[in-house]
Each structure stands twice: as structure tokens, then as C-alpha cells.
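**Q** show me the folded form of this:
(one chain, ligands or ions: 1)
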Amino acid sequence: MISTERELHALSPRATPRWAQIARRLARATRAAWRLRELRHLTRPEQSIEEIVDAVFTFSGGFFVPLQIKSEVVAFLRMVEQARPKAVIEIGTARGGTLFLLSRVAAPDATIISVDLPGGPWGGGYSYARVPFYRAFRWASQKFHFVRADSHQIRSLDRVRKLLPDGQCDLCLIDGDHSYEGAKQDFAMYGSLVRSAGLVAFHDIVKHAARYRAGVDRLWAELKLAHRHVELVEDWGQGSCGIGVVIRD
Ligand SMILES: C[S@@+](CC[C@H](N)C(=O)[O-])C[C@H]1O[C@@H](n2cnc3c(N)ncnc32)[C@H](O)[C@@H]1O
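**A** Sure, this is the predicted structure:
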């Protein structure tokens, strides 16, 4: 039972004033910036893939937390490391966890492009203020590019193509728009940039509850009939996640 105005105020969505939210975000970012060196020093083969995954999951209160299941992303990174991609596209970066992990298993001189829609569905994208954090992941001679735009715009595809050293890539991770139509469009547009024997990976191939209106599972069911593929799924009944990888002919 609410008996005082203060209790009522505490329950209202405006309970935390804007300035306090900004101050909290600033404090989180400062703490993360201060500790960033701990992550930047993690490299292969000095650390195991499991150690690197654990580190990014727990870093600074989840500042870069990957929206992934650990065992699945570990298996995926092993596969990517075998391929040592020199050009990588990630559609859907959100808090940066998978971007960091991909940088650790890509070639030391890889070009890595993040495409993400600010405020986009399924994770909210990232603000411009996060770009310097993500850029700091880069190691050796890697090059990072940030296309903060709708992946479905033809302009975004053109920008990505021009950023790739030879207009093609070795790996594309599709983890942006999770609707059937959206993921299918990403595959049609960016999958065409993946060279022969390269990888196109999809996150969230496991069936979600209907309320999420996700359709990657439906798309995956179609693609796996037509392509050489690998499925990295901890449990088909887990209700989300799961990684499917198409190997380009
Ligand atoms: C699930 S999150 C990505 C998670 C990240 N790959 C990870 O595992 O940590 C999905 C991201 O896709 C982005 N997104 C959704 N629709 C998009 C679109 N049409 N174009 C580009 N990005 C989009 C959202 O902004 C969100 O940040």
C-alpha cells in the first residue's frame, strides 16, 4: 500500500531525474574507460577463447556484454579463428561484445565494419559516445569502421562495399533486424559481399516466443535446405539465441 507522496514518487518512471541518469552513465563510462586496458591486452593465443569470452561478459558491470550464450559464441569464435578472416561485417553490434570478440579471432590486419541503427529494435544500437570505446578494441594493424545506419538502405550497403579492401568480405555476422523479412534482406544484400568459402552467420536461429515476432528461425529453416551449413546451438528449447553459419559455395 502506498501511503506517502515519496513512496508514490519512487514508483513513478520519473523517479530518477534526467541529470542523475546522465551522471550514472558518465560514471559507468569513466569506470569502463579506466579499465579498458584489461580487455585490450587479451589476445590469442596468449589467452584461451573461453578466458576472453568470460572477460568481456564480466567487464565493468556488463558494459560490453555480448547478447549471446557463452558456449555458442565460444564454438563460433573457434570456427572463425580457423578461417582468420581479413574482412568482417557485423550487422547489429549493440553493446559491442561480439565486435570485441570478433576482433580477437580475425586476422591481425583485418578490416572490421560494424553496421547498427541507432535506437534500432532488438538491442537499441549504440550512441556516438561509444565509438571511441569500440575503436579501442582494435589491435595490431586492424581497421575498424562504423556505419551507424539502417542496414537495409542501399546507401549503407554502398558504404560498406567501399570500406572493404577489395569489395568482398570473409565473414558477415547478421544480428540486426530479427524479423523474417529483415534478416532475409540482410542476407540478400550483405551475403552477396561474402566471397566463396566465406561464412555468413546468423544469430537467433532458435525459435522465440511469438510475442517477440522474430523470424530468423523461419529464414534459417529455408537456408539450411539450400546451403552447406553448421549449427551451434546449446539447446533447441532455450527460446532464443543459437548460431547458424552458412558456408558460401
Ligand atoms: C541483438 S542486438 C546485437 C547484439 C550483438 N551482436 C551481440 O551479440 O552482443 C541487435 C542490434 O541490431 C540493430 N538493428 C536492428 N535493426 C537494424 C537495422 N535495420 N539496421 C542496422 N541495425 C539494426 C539494433 O540497433 C541492435 O543494436
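**Q** read off the pLDDT value for the closest residue to Trp122 other than its chain neighbours.
**A** Nearest residue to Trp122, sequence neighbours excluded (C-beta to C-beta, 6 or more residues apart in numbering): His178, at 5.0 Å. Glycine gets a C-beta too; all of them are placed from N, C-alpha and C. For His178, the pLDDT comes out at 97.
**Q** near the ligand, which residues of the protein are found?
**A** By the rule C-beta under 6 Å from any ligand atom, the part of the chain lying against the ligand is 66-68, 91-95, 97-98, 115-117, 120-125, 150-152, 175-177.
**Q** buried among those? Need that as a selection in ChimeraX.
**A** Listed next is the ChimeraX selection for buried residues among the residues of the chain next to the ligand, using 16 or more other C-beta atoms under 10 Å:
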select :66,67,68,91,92,93,94,95,97,98,115,116,117,120,122,123,125,150,151,152,175,176,177
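**Q** so which of the residues of the chain next to the ligand are in helices?
**A** Judged by DSSP state H, the subset of the residues of the chain next to the ligand located in helices is Gly97, Thr98.
**Q** tell me where the protein has helices.
**A** Counting by DSSP H, the helices of the chain are 5-11, 18-40, 49-58, 70-83, 97-105, 131-135, 154-163, 180-190, 216-226.
**Q** and among those, the most buried is which?
**A** helix 97-105 (a mean of 23; mean count of other C-beta atoms under 10 Å).
**Q** next, the angle from it to helix 49-58.
**A** 150 degrees (axes from the mean of the first three to the mean of the last three C-alpha atoms, to 10 degrees).
**Q** quick one, what contacts the most centrally placed residue in the chain?
**A** Note on the chain: the residue nearest the mean C-alpha position is Thr93, at 3.5 Å, using C-alpha atoms, centre = their mean. Neighbouring residues of Thr93 by C-beta atoms under 8 Å, 6 or more residues apart in numbering: Leu99, Ser114, Val115, Asp116, Gly125, Tyr126, Tyr134.
**Q** which of the residues you listed lies closest to the ligand?
**A** Gly125 (3.4 Å; C-beta to the nearest ligand atom).
**Q** distance of the closest residue in space to Trp236 that isn't next to it in sequence from Arg78?
**A** Using C-beta to C-beta, 6+ apart and skipping the chain neighbours, the partner closest in space to Trp236 is Val206 (6.1 Å). Separation of Val206 from Arg78 (C-beta to C-beta, to the nearest Å): 20 Å.
**Q** tally up the residues packed near Arg44, please.
**A** 14 (other C-beta atoms under 10 Å).
**Q** my read: it touches Glu81, true?
**A** Yes. Arg44 lies in contact with Glu81 (C-beta atoms under 8 Å); the separation is 6.8 Å.
**Q** please enumerate the shared neighbours of those two.
**A** Val105.
**Q** for this structure, longest strand please?
**A** strand 194-203 (DSSP state E).
**Q** who does that one pair up with?
**A** strand 169-174 (parallel), strand 243-247 (antiparallel) (DSSP bridges).
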